[in-house]
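Student: task: produce atomic coordinates for the following.
(2 chains)
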Amino acid sequence: MKKLINHVDNIVNEMLDGMTAAHPNRLRRLEGTTVLVRKDAPVTGKVGIVSGGGSGHEPAHAGYVGPGMLDGAVAGEVFTSPTPDQVFEAIKAVDGGKGVLLVIKNYTGDVMNFEMAAELAEAEGIKVRQVVVNDDVAVEDSSFTSGRRGVAGTVLVHKIAGAKAAEGAALDDVHAAAESVIKNVKSMGMSLSPCTVPAAGKPGFTLGEKEMEIGTGIHGEPGVERTDIKPAAETAEILFNKVFQEMNMQAGDEAAVIINGLGSTPLMELYIFHHAIDRLLKEKDIRVEEAVVGEWMTSLEMAGVSFTMLKLDDTLKKLLDAPSNTVSWKRG
Amino acid sequence: MITTGTAENWMENFKELILQNKDELTTLDQAIGDGDHGINMARGVQEMHAMLQEKTFETPGALLKAAAMVFISKIGGASGPLYGSALMKIAAEAGDKAELTDQDLLACLEAGKKAVQQRGRAETGEKTMYDVWDPIINTFRGEETIDWKAFKKAAEQAVDSTVDMHAKKGRAAYLGARSIGHTDPGAFSSRLFFEALADAAQEEN
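Tutor: Take a look at the predicted model:
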């Protein structure tokens, strides 16, 4: 294992201190916790929004903490949900009197830990509501399983719920805005090479020199199909078609698109991938004002890409375009 | 008979077994999960060991409650809330009794099993730790005294039964039918949890 780290046990700690050191005017770390909040938290009279999850997905989630998006982000160990006490600290720190929305990615551990934190907060009289993001169409949805995973579409939930909260909306309305994104956003990823959890020291899976995996999760969970490596255009088509068939979209509709690098895919390749996606969008006459191409929800040093599409209506479009000022997502 | 000392040995045995099997748990989890089960459990039991070194307890319930708090706040993932919730309910059922008979203990484990089921929304046969908790407790329900050798054997068999199961909960569920043929890592660590209890109780008797 080759990694630019000091000690395996200090990874999350040093990363969080590094982030606050780099952005002292935006971020503040709650002492003795793995929580980063916006510098001016809590914002009185605004619904607080907390997200989080295992580390290793940077810039998610602390990169999205700031005006117009999240109020707090809770970091767990690498690929491991944070614990309820940490989430509870975040909730307390961002509650400005109007309650707190928890944005959870759909993984068994995340859901359980955030749920326990919500129980603790409610016992202290803080109003808490939660949404669970499940945008990954690689996994079949079924009431008999844990359901679909939450991946890069989560960033759009942060953005739109954050914009709604910034308008001064009530907790139920912020919750509804978040749910409306979740209903309309779908994603799918693929990988060319695996990633290594530092504490494990070896890759979570292996891929041959000429293999790729379609539908890989952001923790290196195996995907749905392992195939010979295909050109970017063909790969884009596989991901696009699977996402598109899950969406109720017609010619002339408007969408927001995220092209997400999983950690070690050059921006050059991401633009090549998007070039193919753009053609597919034009074929279907789906209008995209501006695609966001870069790293938004990574998977350590995995090579690969995910494609996310959100169907927009006027309300979602307005909230998406509203100002936000965070380390990794700036608008307006 | 479970005294505070037995409860402490149970938890210390669990620590030893988890540390001995840390790599095995990681390997099992890499096959069908995300590979962090051994790492997370090892962190939890080491923190629990440190806590037990520092504090003394009057009753088994108090000791197990403190262990639950460590698990909830130090493990993370799904294992933290699952083991934490289970131990919390076991401790609550134990109440402030100084000693637990085998029947008391079975009532405690029953409460722990329900906690695992509720927190994990798990049912039998979904290839989770519940597939160890449920059959063991069903096997020994109503017994006046526990045959600890049979208890360990039941735990072992329950783990083996998860190999052929098709995962329906947890990250292994994303693998679908590809999860068949692998031992569930949570079931394996649960076997260690019960093995640790059996060893502690046997030492006592």
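Student: got any ranges where the chain has weak pLDDT?
Tutor: Using chain A. A:141-145 (pLDDT under 70).
Student: wrong one, chain B
Tutor: Ranges of chain B meeting pLDDT under 70: B:205.
Student: show me where it has its helices.
Tutor: B:4-20, B:22-32, B:37-54, B:60-74, B:79-94, B:102-120, B:130-140, B:148-161, B:185-204 (DSSP state H).
Student: quick one, the third one and helix B:60-74 angle?
Tutor: If you take axes from the mean of the first three to the mean of the last three Cα atoms, to 10 degrees, helix B:37-54 sits at 130 degrees to helix B:60-74.
Student: tell me the most buried of the helices of chain B?
Tutor: helix B:79-94 (a mean of 26; mean count of other Cβ atoms under 10 Å in any protein chain shown). Glycine gets a C-beta too; all of them are placed from N, C-alpha and C.
Student: please state the offset of it from the chain centre?
Tutor: Chain-centre distance of helix B:79-94: 9 Å, with Cα atoms, centre = their mean, to the nearest Å.
Student: which non-adjacent residue is nearest B:H49?
Tutor: B:K15 (4.9 Å; Cβ to Cβ, 6 or more residues apart in numbering or on different chains).
Student: just A:H219 next, same as before
Tutor: For A:H219, ignoring the flanking residues on the chain, the nearest one in space by Cβ to Cβ, 6+ apart is B:D34 at 4.3 Å.
Student: for chain B, what are the nearby residues on the stretch 151-300 of chain A?
Tutor: Counting by Cβ under 8 Å from any Cβ of the partner chain, the stretch 151-300 of chain A comes close to chain B at A:197, A:199-200, A:204-205, A:217, A:219-222.
Student: now what about stretch A:226-246, what contacts it?
Tutor: With contacts defined as Cβ atoms under 8 Å, 6 or more residues apart in numbering or on different chains, stretch A:226-246 is touched by A:137-138, A:186-190, A:192, A:207, A:210-214, A:269, A:272-273, A:275-277, A:280-281, A:284, A:305-309.
Student: now do the contacts for A:R287.
Tutor: With Cβ under 8 Å, 6+ apart, A:R287 has these contacts: A:252-255, A:281.
Student: just the residues you listed now: which is nearest A:I5?
Tutor: Using Cβ to Cβ, A:A255 is the member of the contacts of A:R287 that sits closest to A:I5, with 38.3 Å.
Student: now for that closest one, how many residues are close by?
Tutor: If you count neighbours by other Cβ atoms under 10 Å in any protein chain shown, A:A255 ends up with 22.
Student: I would like the residues contacting the helix or strand containing it, please.
Tutor: For A:A255, the host element (DSSP states H and E) is strand A:254-261. When contacts are defined by Cβ under 8 Å, 6+ apart, strand A:254-261 is touched by residues A:152-153, A:155-156, A:187, A:189, A:249, A:267, A:269-270, A:273-274, A:277, A:281, A:286-289, A:291-298, A:304-312, A:317, A:320.
Student: among the residues you listed, which lie within strands?
Tutor: A:187, A:189, A:287-288, A:292-294, A:304-312 (DSSP state E).
Student: now for those: which two are most distant?
Tutor: Counting by Cβ to Cβ, the most remote pair of the ones in strands among the contacts of strand A:254-261 is A:R287 and A:G304, 27.0 Å apart.
Student: quick one: the helices in the stretch 1-150 of chain A?
Tutor: Taking DSSP state H, counting those that start in this stretch, the helices of the stretch 1-150 of chain A run over residues A:11-22, A:84-94, A:108-123.
Student: for the last one, which positions count as buried?
Tutor: What it means is helix A:108-123. Residues of helix A:108-123 classed as buried by neighbour count (16 or more other Cβ atoms under 10 Å in any protein chain shown): A:108-118, A:120-121.
Student: residues from the stretch 1-150 of chain A in reach of chain B?
Tutor: Going by Cβ under 8 Å from any Cβ, the residues of the stretch 1-150 of chain A near chain B are A:54, A:76-85, A:107-109, A:112-113, A:115-116, A:139-140, A:144-146, A:149.
Student: tell me the buried residues within those.
Tutor: A:54, A:76-85, A:107-109, A:112-113, A:115-116, A:139, A:145-146, A:149.
Student: return the distance of the residue nearest to B:E156 when sequence neighbours are not counted relative to B:D34.
Tutor: Excluding the flanking residues, the one nearest B:E156 by Cβ to Cβ, 6+ apart is B:R191, at 6.3 Å. Going from B:R191 to B:D34 by Cβ to Cβ, to the nearest Å gives 21 Å.
Student: likewise A:K317?
Tutor: To B:D34, A:K317 is 35 Å away according to Cβ to Cβ.
Student: for A:M247, same thing?
Tutor: In terms of Cβ to Cβ, A:M247 sits 28 Å off from B:D34.
Student: looking at the two, which is more packed in?
Tutor: Taking neighbours as other Cβ under 10 Å, A:M247 and B:D34 compare with B:D34 leading, 26 against 17.
Student: and that one, what does it touch?
Tutor: So B:D34 contacts A:79, A:197, A:204, A:219-221, B:171 (Cβ under 8 Å, 6+ apart).
Student: any idea which of these is closest to A:A178?
Tutor: So of the contacts of B:D34, ranked by how close each gets to A:A178 (Cβ to Cβ), first place is A:H219, at 22.8 Å.
Student: ok, that closest one - contacts?
Tutor: Counting by Cβ under 8 Å, 6+ apart, A:H219 touches A:54, A:56, A:79, A:204, A:299, B:34, B:171.
Student: with adjacent residues omitted, what lies nearest to A:R129?
Tutor: Nearest-residue entry for A:R129: A:H175, 4.6 Å, with adjacent residues in sequence omitted and distances by Cβ to Cβ, 6+ apart.
Student: the one you found reaches A:L101, doesn't it?
Tutor: Yes - between A:H175 and A:L101 there is a contact under Cβ atoms under 8 Å: 5.8 Å.
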